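# Here is my input; please provide its structure:
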Amino acid sequence: NHFFAMGSHASWLKGKGCLAACGVAFVVDTLEGIQDAARMETMATKAAMGMGLNTSPLRPWGTIVANGAAASGPDRFYEKAISKAVEAVAQGGRRGGALIELRNSDHPDILFFIDKKKLTPPPSFGLIYKNLCDENPIADNQTEAQYKTAQVTKAEKLFGEAYSKYLQQQTYLKNTNITVLAMPGFMEAVRDKKWYQCSFAGEKWDGKVYDPRKPLPGINPLTKENYYAEYSVEVHKYPEAIDQGVPAVYTDFHDGSVTYRSWLYAPEVFDRIVEGMQDSGEPGIGFYETINAGNANPHIYDLNTCNPCGEQFLPAGLGKDGNTYMGNCNLSSLHAAHPSFYKPDGSYDYLAMSKIVAIQQRFMDNVTDVSWYPITLQNMTARMERRNGGGFAGIAEYLARLNVGFGTPEGLEATRLLFEYYTKASVTASQVLA
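Predicted coordinates for the structure are as follows:
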């Protein structure tokens, strides 16, 4: 009966469109590669998929390119070419497309990335007016009314500019989550209060690293953007940052700060990440080594890109075998508290649940076959890897029927046991299919 029901459901699903909830894309460091990434993410959004992208392959801001111009950097390209294209397409015709952008912690533009969705409190007209009055006392030839009128006019202009900027930041990259990918050695450098060297395209970076929190006067006539100071650390805040024997190509001590060219001070960078989390909930953080410790195919690819929800890292780009991969999430949930999973005495029947898990795995394998994918590489990856993700709905009800509290030691043990049976049944069913 289950076999025929699966076939009937699969036949009905065939031709219904893309049945994967989300996926990942990749980007190559060329103008054509950036346009291809925008096309892939837009096509996936049209098919109702959320998409993830690691923009670390894009060269840093200000880098001189072949024609003598300065590179726009990954953040500008992502904002102008990729996220804007996706925002214009309703995901599956229903809602704005869901995206996530990741950046490696050792990329030279990681500081721009960390701060780009940072939120600030709304401007205060009263505070702006007070500061103006403090900075510009009344002149001898002014009446008090003239002075106040002039200061109010200036304050209104400054407040309008500040409030406009505040509103823009509230909606900046509104469809995109951002996540820092902590590369090997980063968290150890945070713990040990050490500097670490940036890298790009698999090689150590020896150029400047700019700090978006330190704008300089003037506008770059070529890029129409601000100038920024080179990254430095204030010694009075981070006294351990000095005298570490960092082998930088250039070292500078000025105004109580220290600069080691192309190097970042890990504790200060981590503080910026935490500050962003506190202020605006972003960026998130992922841990490269932990993620790849769970990689089922480390001989074929490394994992550095995840779906918008952030719980599933998937292959994206050229693999070690010469194939190009674009993973996707083919997901299903089992109702943990289904009545058929309970014995007459009210205890949970884990073996009955496990039998349904085997059916679930077979059915989701059928879904892989009948699903349509908007990008050819997704189609190839899905059918070759036959990856699917399973889990539970109804955990709270499952625990309530066992009369254990959510989050209690007994509840945690009951949840662990549930997933232990689920995992074993899933793996066994996958081996049978293989």
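# And the helices in this structure, which stretches?
All helices of the chain, identified by DSSP state H, fall at 2-13, 31-46, 73-77, 84-87, 110-115, 125-135, 144-170, 186-192, 266-280, 288-293, 350-370, 376-385, 395-401, 409-433.
# Out of these, the one nearest residue 176 is which?
helix 84-87 (8.4 Å; Cβ to Cβ). From N, CA and C alone the C-beta is placed, and that goes for glycine too.
# That closest one: how far from the chain's middle?
Mean-position distance between helix 84-87 and its chain equals 16 Å (Cα atoms, centre = their mean, to the nearest Å).
# Can you tell me how far residue 388 is from residue 7?
18 Å (Cβ to Cβ, to the nearest Å).
# Who has more neighbours out of these two?
Neighbour count, other Cβ atoms under 10 Å: between residue 388 and residue 7, residue 388 has more, with 21 against 12.
# ok, now which ones touch residue 128?
Counting by Cβ atoms under 8 Å, 6 or more residues apart in numbering, residue 128 touches 155, 158-159, 162.
# go on, residue 65?
Contacts of residue 65 (Cβ under 8 Å, 6+ apart): 59, 71.
# pLDDT wise, what is it at?
With respect to pLDDT, residue 65 scores 82.
# can you check residue 46 too?
The predicted local confidence for residue 46 is 87.
# my read: it touches residue 375, true?
No - using Cβ atoms under 8 Å, residue 46 is not in contact with residue 375, being 10.7 Å away.
# who's more crowded, these two?
residue 375 (21 against 17).
# Correct me if wrong: the more buried one contacts residue 326.
Yes - between residue 375 and residue 326 there is a contact under Cβ under 8 Å: 6.2 Å.
# who touches both of those two?
residue 40.
# who's sitting farthest from the centroid in this structure?
Distance from the C-alpha centroid of the chain, by Cα atoms, centre = their mean, peaks at residue 141 (57.5 Å).
# In the chain, spot the strand with the most residues.
The longest strand of the chain (DSSP state E) is strand 210-219.
# residues contacting residue 151?
129, 132-133, 136.
# can you list those residues in JSON lines and add neighbour count, distance to residue 22 and pLDDT?
Shown next, in JSON lines, are these (neighbours: other Cβ atoms under 10 Å; distance: Cβ to Cβ, whole Å; pLDDT from 0 to 100):
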{"residue": "129", "neighbour count": "18", "distance to residue 22": "48", "pLDDT": "93"}
{"residue": "132", "neighbour count": "15", "distance to residue 22": "49", "pLDDT": "93"}
{"residue": "133", "neighbour count": "15", "distance to residue 22": "53", "pLDDT": "94"}
{"residue": "136", "neighbour count": "12", "distance to residue 22": "54", "pLDDT": "91"}
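# thinking again about what came up before, just give me the closest of the contacts of residue 128 to residue 60.
Once Cβ to Cβ is applied, the member of those that ends up nearest residue 60 is residue 162, at 29.4 Å.
# which ones are touching the closest one?
Residue 162 neighbours (Cβ under 8 Å, 6+ apart): 123, 128.
# What separation is there between it and residue 413?
53 Å.
# hmm, back to that, most neighbours out of the contacts of residue 128, which is it?
residue 155 (19 neighbours).
# if I read this right, that residue contacts residue 129, doesn't it?
Yes - between residue 155 and residue 129 there is a contact under Cβ under 8 Å: 4.2 Å.
# Any regions of the stretch 1-150 of the chain where pLDDT drops low?
90-96 (pLDDT under 70).
# still on that earlier bit, so how far is residue 132 from the residue farthest from the centre of the chain?
18 Å.
# do the same with residue 312
Counting by Cβ to Cβ, the gap from residue 312 to residue 132 is 52 Å.
# Burial check on residue 114, number of neighbours?
Each residue near residue 114 was counted by other Cβ under 10 Å, and the total is 23.
# let's have the chain start at 55 instead
New numbering, starting at 55: the last item is residue 168.
# and the spatially closest residue to it that is not a sequence neighbour, what is it in contact with?
Counting by Cβ to Cβ, 6 or more residues apart in numbering, residue 326 is the residue found nearest to residue 168 once chain neighbours are left out, at 5.0 Å. By Cβ under 8 Å, 6+ apart, residue 326 lies in contact with 165, 168-169.
# Let me know the pLDDT of residue 326.
97.
# State the distance from it to residue 315.
Residue 326 is 19 Å from residue 315, by Cβ to Cβ.
# Same check on residue 198?
53 Å.
# Could you check which of these two has the larger neighbour count?
Comparing residue 198 with residue 315 by neighbour count (other Cβ under 10 Å), the higher total belongs to residue 315, at 19 against 8.
# Let me see the contact set for that one.
The contact partners of residue 315, taken as Cβ under 8 Å, 6+ apart, are 260-263, 284, 302-306.
# now it, nearest residue through space, not along the chain?
The spatially closest residue to residue 315, leaving aside those adjacent along the chain, is residue 304, at 3.9 Å (Cβ to Cβ, 6+ apart).
# Show the contacting residues for the one you found.
313-315.
# can you tell me which of those are in strands?
Reading strands off those with DSSP E, I get 313-314.
# Nearest to residue 238 among the contacts of residue 304?
Using Cβ to Cβ, these come closest to residue 238 at residue 314, 19.9 Å.
# Apart from its neighbours in sequence, what residue is nearest that closest one?
According to Cβ to Cβ, 6+ apart, the nearest residue to residue 314 is residue 302 (3.8 Å).
# Check residue 179 too.
residue 213 (4.7 Å).
# Tell me who's in contact with the one you found.
177, 179, 182.
# how does it look with 10 Å?
177-183 (Cβ atoms under 10 Å, 6 or more residues apart in numbering).
# Now distance to residue 457 too, for these, in JSON lines please.
Listed next are the contacts of residue 213 as JSON lines, based on distance: Cβ to Cβ, whole Å:
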{"residue": "177", "distance to residue 457": "54"}
{"residue": "178", "distance to residue 457": "53"}
{"residue": "179", "distance to residue 457": "57"}
{"residue": "180", "distance to residue 457": "57"}
{"residue": "181", "distance to residue 457": "56"}
{"residue": "182", "distance to residue 457": "59"}
{"residue": "183", "distance to residue 457": "62"}
